[in-house]
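1. whatever this is, show me its structure:
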Amino acid sequence: MPQSLRPVISLRLFTDRKCFGPGVAALLHGVEGQRSLRAAAQEMGMAYSKAWRILHEAEEQLGFRLLDSTVGGKNGGGAVLTPEGARFLAAYDGWAAAARAEAERLFAQHLAPWAGPAVHPNETQSCETEE
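-> Below is the predicted model of the structure:
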């Protein structure tokens with residue numbers, strides 16, 4: 001039996017090179033929950049050095065800081081999203097959700113006959129985001 005088809009879209013933002021996408025967004029969401037870039041990277045199975053690098057590359061390309069970090073000390077270190085970083089992440093999440101919904105609608109409209117028994121023109125499957 002053939003497997004069901006489903007749409008999978010990945011949304012990335014570019015300047016002259018890739019600067020923001022689902023991986024950076026997931027990292028920032030992790031920082032929101034963990035209040036630490038190191039902990040967010042560890043939760044994702046990512047090396048801290050890679051997390052630090054992609055975060056700083058995104059900040060450089062976007063032209064603003066995404067995180068405010070504090071180094072260790074008596075109360076320990078940590079990281080929080082900057083106000084602009086939080087607004088940008090929320091805007092990216094809204095755009096990505098709207099794009100996925102539209103992609104699912106168009107998939108059902110145009111490809112439902114090949115999607116398999118799970119999808120009909122008036123139903124859609126969820127769409128995953130990949131880095």
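2. which stretches of the protein form helices?
-> Using DSSP state H, the helices of the chain run over 22-34, 37-44, 48-62, 83-115.
3. to Val8, which of the ones you listed lies closest?
-> Of all these, it is helix 83-115 that lies closest to Val8, at 9.1 Å by Cβ to Cβ. In this view, the C-beta of every residue, glycine as well, is placed from N, C-alpha and C.
4. lowest average confidence, helix or strand, in this structure?
-> Between all helices and strands in the chain, the lowest mean by mean pLDDT, DSSP states H and E belongs to strand 67-70, at a mean of 90.
5. quick check on Ser36: phi, psi?
-> Taking degrees, to the nearest 10, you get phi -160, psi 130 for the backbone angles of Ser36.
6. from Ala79, how far off is it?
-> In this view, Ser36 and Ala79 are 6 Å apart by Cβ to Cβ, to the nearest Å.
7. ok, Ser69 next?
-> 4 Å.
8. the more surrounded of the two?
-> It is Ala79, of Ser69 and Ala79, that has more neighbours when counted by other Cβ atoms under 10 Å, with 21 against 15.
9. which residues touch the more buried one?
-> 31, 35-37, 40, 67-70 (Cβ atoms under 8 Å, 6 or more residues apart in numbering).
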